[in-house]
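>>> Here is a sequence with its predicted model. Questions after.
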Amino acid sequence: MLATNQLTFEYGPTKRFTFPDLLCADREALLILGRSGTGKTTLLHLLALLLRPKSGSIVINNTDLTRLNPAETAAFRAAHVGIVYQKPHFVSSLSVLDNLLMANYLASKPQNSPRARELAGQLGFADHLDKKTHQLSQGEQQRVSIARAVMNQPGVILADEPTSSLDDENTARVVNLLREQSGQIGASLIVVTHDQRLKDAFQNRVAL
Ligand SMILES: Nc1ncnc2c1ncn2[C@@H]1O[C@H](COP(=O)(O)OP(=O)(O)OP(=O)(O)O)[C@@H](O)[C@H]1O
């Protein structure tokens, strides 16, 4: 479950944001739509506490993230929040499998190869586990990115423009996979995007 209350942020005196309150229960999905520059990435970074809000609260699974110190924040994020970025960031010297196992390492959890292999099968890249990530297509990399986000079965999945560089077919596939995976692990799924193609796939929507 994710809930925010009266969230504000400022980059400086002339760039202030007041965000609408968000509520997304376990297994539910929320689409946050906005044009370029409306603060979508800023909001997503606040939800992951990569940025600290000026005021307001962010509650994930009964923990108010704004009350955690930096070390607690990093540990909480690694264990409870899965992030899918617009462009996947991988460690290029590691294999696809090791990039997935890295999520366990960062959350101080034992490496779970069976889970990585299971996800690779479900998301359709089982044949690529031993390759380097740059040897995969964009759509394949985005699916690896989704797998990495759900490796630790987080309570919340945050996706930042996950479909903006994909064609219609891969867009539908990525949205379905995000929804399937969040349903399987009982997570809240929050997608921020300007991609109007996603509108019909989500009942719960907030405009920025
Ligand atoms: N580090 C920063 N310092 C100052 N202003 C910033 C900073 N980062 C972003 N901004 C400004 O804040 C506003 C919101 O940026 P943000 O990246 O959150 O928008 P967005 O809705 O994600 O846009 P896009 O769809 O183009 O990625 C923009 O006007 C941007 O110029």
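All right, it came through fine. Residues are numbered from 1 along each chain as shown.

>>> burial measure for residue 172, as a count.
15 (other CB atoms under 10 Å). All C-beta spots, glycine's among them, are computed from the backbone N, C-alpha and C.

>>> That one should be in a helix, yeah?
Yes: applying DSSP: H, G, I helix; E, B strand; the rest coil, one finds residue 172 inside a helix.

>>> how deep is residue 181 tucked in, by neighbour count?
Applying other CB under 10 Å, I find that residue 181 has 22 neighbouring residues.

>>> Helices of this protein, residue ranges please.
40-47, 70-80, 96-106, 113-123, 138-150, 168-185 (DSSP state H).

>>> what angle separates the last one from helix 138-150?
Angle, helix 168-185 to helix 138-150, by axes from the mean of the first three to the mean of the last three CA atoms, to 10 degrees: 10 degrees.

>>> Equivalent analysis for the shortest one, please.
Compare the direction of helix 40-47 with that of helix 138-150 by the same axes, to 10 degrees and you get 20 degrees.

>>> Against which helices or strands is the helix or strand of the chain with the lowest mean pLDDT packed?
Ranked by mean pLDDT, DSSP states H and E, the weakest helix or strand in the chain is helix 168-185, scoring a mean of 87. Judged by 3 or more CB pairs under 8 Å, 6 or more residues apart in numbering; DSSP states H and E, the packing partners of helix 168-185 are strand 29-33, helix 113-123, helix 138-150, strand 156-160, strand 188-193.

>>> Distance to residue 180 and mean neighbour count for these - can I get that in CSV?
Below are the helices and strands packed on helix 168-185 laid out as CSV (distance: least, CB to CB, whole Å; neighbours: other CB atoms under 10 Å):
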stretch, distance to residue 180, mean neighbour count
strand 29-33, 11, 22
helix 113-123, 8, 17
helix 138-150, 10, 23
strand 156-160, 11, 25
strand 188-193, 10, 25
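
>>> Please tabulate the ones you listed in a markdown table, including the columns distance to residue 42 and mean pLDDT.
Below are the helices and strands packed on helix 168-185 laid out as a markdown table (distance: least, CB to CB, whole Å; pLDDT from 0 to 100):
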| stretch | distance to residue 42 | mean pLDDT |
| --- | --- | --- |
| strand 29-33 | 11 | 95 |
| helix 113-123 | 29 | 92 |
| helix 138-150 | 20 | 90 |
| strand 156-160 | 10 | 94 |
| strand 188-193 | 10 | 95 |
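
>>> Identify the single longest strand in the protein, thanks.
Ranked by residue count under DSSP state E, the longest strand found in the chain is strand 2-12.

>>> now that strand and strand 188-193, what's the angle there?
Going by the same axes, to 10 degrees, strand 2-12 makes 40 degrees with strand 188-193.
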